[in-house]
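Peer 1: sharing a model that was predicted from the sequence below.
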Amino acid sequence: MTDTLAPAAAEAALAAVFDLDALLAPGEREWQQKARRVARERILPVIEEDFENRHFRQELVPALAAEGFLGMHITGYGCAGASATAYGAVCLELEAADSGWRTFVSVQGSLAMSAIAKFGSEEQKSEWLPRMAAGEAIGCFALTEPEGGSDPAAMRTTAVREGDDWVITGTKRWIGLASIAAVAVVWAQTEEGVRGFLVPTDTAGFRATPIEGKFAMRSSIQCDIAFDGVRVPDTARLPEARGLRGPFSCLNEARYGIVWGAMGAARSCLLAALDRAMSREVFGGPMGRFQLTQAKLADMLLEYEKGVLLALHLGRLKDAGTLEPAQISVGKLNSVREALAIASSARSMLGGDGVTSEFPVMRHMANLEAVRTYEGTDEIHSLVLGRALTGLAAFA
Ligand code: TGC
């Protein structure tokens, strides 16, 4: 197996057209460089093996925590208080290695920690956020149910008030990290509507089971969860979360990270294809001299550059406090769709070798199929945009 480090000459050629890194502010660039180093030194050397073996390398969690990546956009409670743009750049670099590791940072920081930071009591924040930022406690975000993820309003998991306690009953599916989590942010239907609860995973009646047989996201963990009369005190309820607006505002954070992250996977595929075009001899010359090869590379470059510029624009809006959910839908839909197209085109340029683990392309393509579905499918984001344009909701 050759290593999957981005070939330096291809990287230089890409940067010579547009140096997208140069658009970052110095502080943002520092975050990006840290993430690029961690991805190259700690993740890339083992990722093909972990993907092959369906292994989440949990021992890397302290390394990511030590760099400050966990909940890095949250202020206080041991979190770095970095900009949204810096967080996006970190997502891009981690996903350039593998979507599974961007997903880890996303589930921990954008979903579980964000839910606590946005809606938790002072006690809940003090209890969980510093430990989660340090990587000592892992969190998960239990929203999606086995009957389907696109319509959380139809959730069947219930939380019933009994005296000072709540009793949670139901099932969740596709919940990242649940089997190694210390705490689950659980969304459940109550008599007053959807509410969120912090459930320590050692509570009686909580059971998380990793989902087997995945052809995507094999270096990370997604689980089924069963709640069999899980009893928690009222102090476990997130006091500021009322209705679906709660989980949806956390999904906004995670979707935002994907806008950047998918472009990392795209970059990795583009670089592999570019390197091949420059180094492979066919019909008596370099493959890169053929017009069809150049046309493919040019199309990949266009969508990659546009995708990163869009991510940067959304990052600036988010840092200004003006980013709207429909704008995140533009980014999520575009980034994942175009990253997949880039991966597919790169695969074609690699020929048969493109389907092997000698190159990262097929792994990224498989992961991106999962990314395309979670945090709002292509269809859901299209419909969010359809509603934004027409004022008519096509969900019902
Ligand atoms: P509706 O049910 O009518 O609205 C409910 C309330 O939510 C508000 N809202 C939002 N708030 C903030 N940000 C958003 N993006 C929001 N979208 C909706 C809405 O304003 C309303 O508030 P209020 O106060 O008036 O009650 O919902 P809707 O008609 O607006 O939305 C319908 C639709 C289809 C867009 C929505 O249901 C949706 O986004 N569906 C997709 C859900 C999704 O992405 N699921 C995948 C989650 S991924 C996962 O669970 C796994 S976590 C990752 C891991 O663990 O690995």
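Peer 2: Received it, and whenever you're ready, just let me know what you need.
Peer 1: which stretches of this structure form helices?
Peer 2: For the chain, the helices defined by DSSP state H occupy 8-17, 26-38, 44-53, 61-66, 84-97, 99-105, 114-119, 122-133, 245-279, 291-320, 325-349, 361-373, 378-390.
Peer 1: so for R218, which of the ones you listed sits nearest?
Peer 2: helix 44-53 (4.7 Å; Cβ to Cβ). (Each C-beta comes from the backbone N, C-alpha and C, glycine too.)
Peer 1: and that closest one, what does it pack against?
Peer 2: Under the contact definition 3 or more Cβ pairs under 8 Å, 6 or more residues apart in numbering; DSSP states H and E, helix 44-53 sits against helix 361-373.
Peer 1: pLDDT of the helix it packs on, averaged?
Peer 2: Helix 361-373 shows an average pLDDT of 98 in the prediction.
Peer 1: tell me if stretch 202-214 is near the ligand.
Peer 2: No: applying Cβ under 6 Å from any ligand atom, one finds stretch 202-214 out of contact with the ligand, separated by at least 10.7 Å.
Peer 1: which non-adjacent residue is nearest the residue sitting nearest the centre point of the chain?
Peer 2: Nearest residue to the geometric centre of the chain (Cα atoms, centre = their mean): T103, 3.7 Å. Spatial nearest neighbour of T103, chain neighbours left out: S220 (5.3 Å); criterion: Cβ to Cβ, 6 or more residues apart in numbering.
Peer 1: just the pLDDT at the one you found, thanks.
Peer 2: 97.
Peer 1: what residues does the chain have near the ligand?
Peer 2: 103, 107, 111, 141, 143-144, 149-153, 174-176, 222, 243-245, 248-249, 251-252, 325, 374-376, 380, 384, 393, 395.
Peer 1: and the residues you listed, which are buried?
Peer 2: Among the residues of the chain next to the ligand, the ones that count as buried by 16 or more other Cβ atoms under 10 Å are 103, 107, 111, 141, 143-144, 149, 152, 174-176, 222, 244, 251-252, 325, 374-376, 380, 384.
Peer 1: which non-adjacent residue is nearest the closest residue to the ligand within the stretch 151-300 of the chain?
Peer 2: Nearest to the ligand in the stretch 151-300 of the chain, going by Cβ to the nearest ligand atom, is G176, at a distance of 2.7 Å. In space, and not counting its chain neighbours, G176 is closest to V107: 4.0 Å by Cβ to Cβ, 6+ apart.
Peer 1: do E93 as well
Peer 2: A35 (3.6 Å).
Peer 1: could I get the contacting residues of the one you found?
Peer 2: E67, F69, A89, V90, L92, E93, L94 (Cβ atoms under 8 Å, 6 or more residues apart in numbering).
Peer 1: what two of those are the furthest from one another?
Peer 2: E67 and L92 (14.9 Å).
Peer 1: neighbour count winner among those two?
Peer 2: L92 (29 against 17; other Cβ atoms under 10 Å).
Peer 1: surely that one touches W31?
Peer 2: No: the pair L92 / W31 is not scored as a contact, 10.6 Å apart, by Cβ atoms under 8 Å.
Peer 1: and V330, how far from L309?
Peer 2: Plainly put, V330 is 13 Å away from L309 if you go by Cβ to Cβ, to the nearest Å.
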